[in-house]
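K.L.:
next one to model:
(one chain, ligands or ions: 2)
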Amino acid sequence: MDKLLVRGGRPLHGEVQVSGAKNAALPELCAALLTAEPVTLLNVPRLQDVATMLKLIRNMGVAAERSEDGTVRIDASQLSTPEAPYELVKTMRASVLALGPLLARFGEATVSLPGGCAIGSRPVDQHIKGLQAMGAEIVVEHGYMIAKLPAGRTRLRGARITTDMVTVTGTENLLMAATLAEGETVLENAAQEPEVTDLAEMLIAMGAQIEGHGTSRIRIQGVDRLHGCTHRVVADRIEAGTFLCAVAATGGEALLRHGRADHLDAVIDKLREAGARVEPVEGGIRIQSPGAAALKAQGFRTTEYPGFPTDMQAQFMALNIVAQGTATVTETIFENRFMHVNELLRLGARIQTDGKVAVIEGVERLSGATVMATDLRASASLVIAGLVASGETVVDRIYHLDRGYDCMEAKLRGLGADIERIQ
Ligand SMILES: CC(=O)N[C@H]1[C@@H](OP(=O)(O)OP(=O)(O)OC[C@H]2O[C@@H](n3ccc(=O)[nH]c3=O)[C@H](O)[C@@H]2O)O[C@H](CO)[C@@H](O)[C@@H]1O
Ligand SMILES: C=C(OP(=O)(O)O)C(=O)O
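P.N.:
Ligands and ions are numbered 1, 2, ... in the order given. Sure, this is the predicted structure:
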């Protein structure tokens with residue numbers, strides 16, 4: 001099993017390229033199932049989750065090929081099996097995003113329930129409730145959601161849907177389903193994440209009629225059919241935020257090419273309050289840090305966009321543990337997203353948790369150790385802590401990291417980090 005060996009203590013300097021967003025690419029690969037015409041996605045990141053999604057759609061009979069430059073061409077004209085089996089869904093929750101498009105285009109779909117994951121229980125009841133409101137009949141049997149349209153119907157019908165909570169993939173599934181439904185769908189309490197907006201823009205390029213994306217009310221007028229398109233995946237704000245925290249914690253200076261500062265307001269505000277200089281510049285984001293010892297630890301609560309993202313909580317904590325003072329971090333989205341804490345303690349951090357709250361007291365130094373990654377962003381936080389710690393840190397189980405970071409160690413090496421992949 002691959003591990004990362006980090007020799008800490010070097011400030012990061014230079015330029016790094018931000019890849020396309022995992023959380024936009026995954027729904028957009030599923031959006032290509034809505035049409036029989038070819039779809040081209042540009043700027044698709046090289047991630048294990050993307051490989052899994054390609055496997056999932058190929059398994060349905062879809063032709064999908066990717067080139068080295070990040071272009072993926074999808075042709076779902078021969079899609080023969082509208083099914084997502086457990087073996088593929090279990091490794092990636094986002095597989096549930098196949099449900100809405102398959103049901104909308106073929107009137108039937110069988111998709112494994114994703115189950116929980118390390119960070120929480122992660123039910124999909126809101127996806128099911130929304131599709132039922134659009135007329136789908138869905139039963140859950142043997143761990144599968146078996147969905148179809150009632151006899152005599154060929155299309156979903158538009159509906160007004162208010163989800164019980166803001167759900168990102170729930171909004172995306174219902175948005176995709178609604179594009180081919182009969183009549184108008186209104187999604188209330190919709191997620192406003194930039195990845196939802198990017199997906200809506202792709203769907204519009206395919207001929208969908210959508211208004212209000214980027215707000216909490218999205219209106220969709222269903223159309224008879226969608227056509228092919230070429231769409232560029234938006235830059236990954238979480239990857240960019242991760243590099244910002246890494247540069248801030250190590251005390252360096254960097255330009256993040258293609259980084260979208262306008263998608264990272266909550267994180268950038270906290271970095272500035274901590275004492276780093278962060279500026280949007282032409283084509284990216286520039287950061288300059290006086291070093292963790294000169295930064296002030298920052299408290300925050302994770303919330304839906306545009307609030308502080310839960311997907312940045314662990315990485316910002318890695319900065320807080322070596323900053324000055326005490327900070328309180330509250331995780332409000334997932335019930336089990338502090339698993340990096342015990343591993344950070346092994347490097348010398350001082351953190352106390354009580355339910356959804358973590359209190360962090362900055363320390364002057366961390367010392368390298370072997371630590372175990374438990375989930376995607378926890379892995380990233382351990383890498384950042386390793387970059388700061390003295391001596392060697394080995395981050396084990398980095399298959400979690402490979403799910404969602406495109407060549408992370410190569411990019412960090414490009415910024416001067418001493419990091420290598422070992423067996
Ligand atoms: C592939 C993808 O885009 N993943 C992102 C997406 O996950 P994902 O879309 O799975 O997360 P949601 O926004 O759906 O989850 C938000 C909260 O709602 C709950 N919930 C959600 C749906 C549902 O049917 N029932 C229910 O109870 C969840 O358990 C969670 O507590 O948004 C999360 C929150 O920003 C991010 O951390 C993930 O990186
Ligand atoms: C939790 C995440 O992803 P997923 O929803 O794919 O598990 C993440 O990207 O941090």
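K.L.:
let me know the pLDDT of the nearest residue to Phe106 once chain neighbours are set aside.
P.N.:
Computed as Cβ to Cβ, 6 or more residues apart in numbering, the closest residue to Phe106 that is not its neighbour in sequence is Pro82, at 4.8 Å. For the C-beta atoms, the positions are set from N, CA and C on the backbone; glycine is no exception. On pLDDT, Pro82 comes in at 97.
K.L.:
tell me the SS of the closest residue to Met145 other than its chain neighbours?
P.N.:
By the measure of Cβ to Cβ, 6+ apart, the closest residue to Met145 outside its immediate chain neighbours is Val111, 5.1 Å from it. When the structure is split into helix, strand and coil by DSSP: H, G, I helix; E, B strand; the rest coil, Val111 lands in strand.
K.L.:
give the contact list for Val111.
P.N.:
For Val111, the contact set (Cβ atoms under 8 Å, 6 or more residues apart in numbering) comprises 83-84, 89, 95-96, 98-99, 102, 144-145, 147.
K.L.:
roughly how far does Ile210 sit from ligand 1?
P.N.:
Distance, Ile210 to ligand 1, using Cβ to the nearest ligand atom, to the nearest Å: 18 Å.
K.L.:
any buried residues in the helix or strand where that residue lies, and which?
P.N.:
If you go by DSSP states H and E, Ile210 is part of strand 209-211. Of the residues in strand 209-211, Ile210 count as buried by neighbour count, 16 or more other Cβ atoms under 10 Å.
K.L.:
and the helix or strand containing Lys270, what does it pack against?
P.N.:
Using DSSP H and E, Lys270 maps to helix 265-274. Helix 265-274 makes packing contacts with helix 237-250, strand 277-281, helix 313-320 when contacts are defined by 3 or more Cβ pairs under 8 Å, 6 or more residues apart in numbering; DSSP states H and E.
K.L.:
residues touching Ala248, list them.
P.N.:
271, 274, 276, 287, 289, 292, 295, 319.
K.L.:
most neighbours among those, which one?
P.N.:
Using other Cβ atoms under 10 Å as the neighbour definition, these reach their maximum at Leu319, which records 31 neighbours.
K.L.:
give the contact list for that one.
P.N.:
Applying Cβ under 8 Å, 6+ apart to Leu319 gives the contacts 245, 248-249, 274, 292, 295, 384.
K.L.:
do Leu156 as well
P.N.:
Listed by Cβ under 8 Å, 6+ apart, the contact set of Leu156 reads 103-104, 131, 134-136, 149, 177-178, 180-182, 222.
K.L.:
can you put those residues in JSON lines and add secondary structure and neighbour count?
P.N.:
JSON lines is the format used below for those (DSSP: H, G, I helix; E, B strand; the rest coil; neighbours: other Cβ atoms under 10 Å):
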{"residue": "Leu103", "secondary structure": "helix", "neighbour count": "28"}
{"residue": "Ala104", "secondary structure": "helix", "neighbour count": "26"}
{"residue": "Leu131", "secondary structure": "helix", "neighbour count": "27"}
{"residue": "Met134", "secondary structure": "coil", "neighbour count": "24"}
{"residue": "Gly135", "secondary structure": "coil", "neighbour count": "17"}
{"residue": "Ala136", "secondary structure": "coil", "neighbour count": "25"}
{"residue": "Leu149", "secondary structure": "coil", "neighbour count": "19"}
{"residue": "Ala177", "secondary structure": "helix", "neighbour count": "28"}
{"residue": "Ala178", "secondary structure": "helix", "neighbour count": "32"}
{"residue": "Leu180", "secondary structure": "coil", "neighbour count": "22"}
{"residue": "Ala181", "secondary structure": "coil", "neighbour count": "22"}
{"residue": "Glu182", "secondary structure": "strand", "neighbour count": "16"}
{"residue": "Gly222", "secondary structure": "coil", "neighbour count": "21"}
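K.L.:
just put those in JSON lines and tack on pLDDT and distance to Gly241.
P.N.:
Formatted as JSON lines, the contacts of Leu156 follow (pLDDT from 0 to 100; distance: Cβ to Cβ, whole Å):
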{"residue": "Leu103", "pLDDT": "98", "distance to Gly241": "34"}
{"residue": "Ala104", "pLDDT": "98", "distance to Gly241": "33"}
{"residue": "Leu131", "pLDDT": "98", "distance to Gly241": "32"}
{"residue": "Met134", "pLDDT": "98", "distance to Gly241": "35"}
{"residue": "Gly135", "pLDDT": "98", "distance to Gly241": "39"}
{"residue": "Ala136", "pLDDT": "98", "distance to Gly241": "36"}
{"residue": "Leu149", "pLDDT": "98", "distance to Gly241": "41"}
{"residue": "Ala177", "pLDDT": "98", "distance to Gly241": "30"}
{"residue": "Ala178", "pLDDT": "98", "distance to Gly241": "30"}
{"residue": "Leu180", "pLDDT": "98", "distance to Gly241": "34"}
{"residue": "Ala181", "pLDDT": "98", "distance to Gly241": "35"}
{"residue": "Glu182", "pLDDT": "98", "distance to Gly241": "40"}
{"residue": "Gly222", "pLDDT": "98", "distance to Gly241": "36"}
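K.L.:
good, we can wrap up now.
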